[in-house]
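> Model the structure of this input:
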Amino acid sequence: MSTQDKVLILHGWGGSDAPHWQSELAAAIAKEYGTVSFPLLDNCHFPSKNRWVKQLKGILEDFKPNTVVCHSLANTLWLWLCQEEEFMQEISEIKRLFMVSPPSLTTEVDTIKTFFPCTLPENLNAKEIQMIVSDNDPYIKAEEAQTMADHYDIPLTVIKDAGHINADSGYGKWELIEKLVLDRS
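Got it, this is the predicted structure:
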C-alpha cells in the first residue's frame, strides 16, 4: 500500500466498533500514515438499503478510495451499488475490493430485509477482488460463497471455525487482513 492509497472500510449491520477487526485495521492504516475512511453508516442497527446506497454514493464521490474493505452487510450494499450502472460509470474503478463474510443473497432477517433478496451484478467495479469467509458462518454457507466467487472468478479464502469473522468470534486484531490491505509481503 502506498501512502497515496485511500482505503474505505465499510461495516455491516450494527457497525464494527472496537474491538472489531475493522476498527483495528483502520488504526493500523493510520499508524502507517495511510489515508483511511471508516464512516458510521446511517442508523446502523436498523439499516435501510436506500439510505445506505445514497450515503455510500456520497462517500465514494468525496473520498475516491483505491481500496474498499467490506464486512457482512456492507458486501450486500456494494452489490446493490454495482447494479446502478450509470453511477458506477461515473466513478473510477477501484484498485482492490476485499469482501469479508458476505451474507447469503437470500438472507431472511427482518431488521435488514430491505437488502434482500439481492442478485449478483455483472461486475464489482474493482481490478482485484478477494473474498474471505468462514466454514461455519451463520449467515452464509461456504458453498454459496464459493458460487459467488466462481461467478466473478475471484479467489476465495475459507477460514476454519471463524464464525462471522467479527469480534464475537475472536477477530479483533486480525493479521491476515492487515497484511493483505497494507500489502505486506
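> ok, longest helix in the chain?
Criterion DSSP state H: the longest helix present in the chain is helix 49-63.
> For it, give the mean pLDDT please.
Averaging pLDDT along helix 49-63 gives 96.
> Give the buried residues for it.
Neighbour counts over helix 49-63 (16 or more other Cβ atoms under 10 Å) mark Lys49, Trp52, Val53, Gln55, Leu56, Ile59, Leu60 as buried. All C-beta atoms are positioned from the backbone trio N, CA, C, and that covers glycine.
> Also stretch 128-142?
Ile129, Gln130, Met131, Ile132, Val133, Ser134, Asp137, Tyr139, Ile140.
> Could you identify the most distant pair in the residues you listed?
Ile129 and Tyr139 (19.4 Å; Cβ to Cβ).
> Can you say which helix or strand has Glu86 in it?
Here Glu86 sits within helix 85-90, counting by DSSP states H and E.
> Oops, could you answer that again for Val69 instead?
Applying DSSP H and E, one finds Val69 within strand 67-71.
> Run me through the strand neighbours of that strand, direction for each.
Take DSSP bridges as the rule and strand 67-71 pairs in its sheet with strand 6-10 (parallel), strand 94-100 (parallel).
> Let's have those in a markdown table, adding distance to Ser23, mean pLDDT and mean neighbour count.
Listed next are these as a markdown table, based on distance: least, Cβ to Cβ, whole Å; pLDDT from 0 to 100; neighbours: other Cβ atoms under 10 Å:
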| stretch | distance to Ser23 | mean pLDDT | mean neighbour count |
| --- | --- | --- | --- |
| strand 6-10 | 8 | 97 | 23 |
| strand 94-100 | 14 | 97 | 23 |
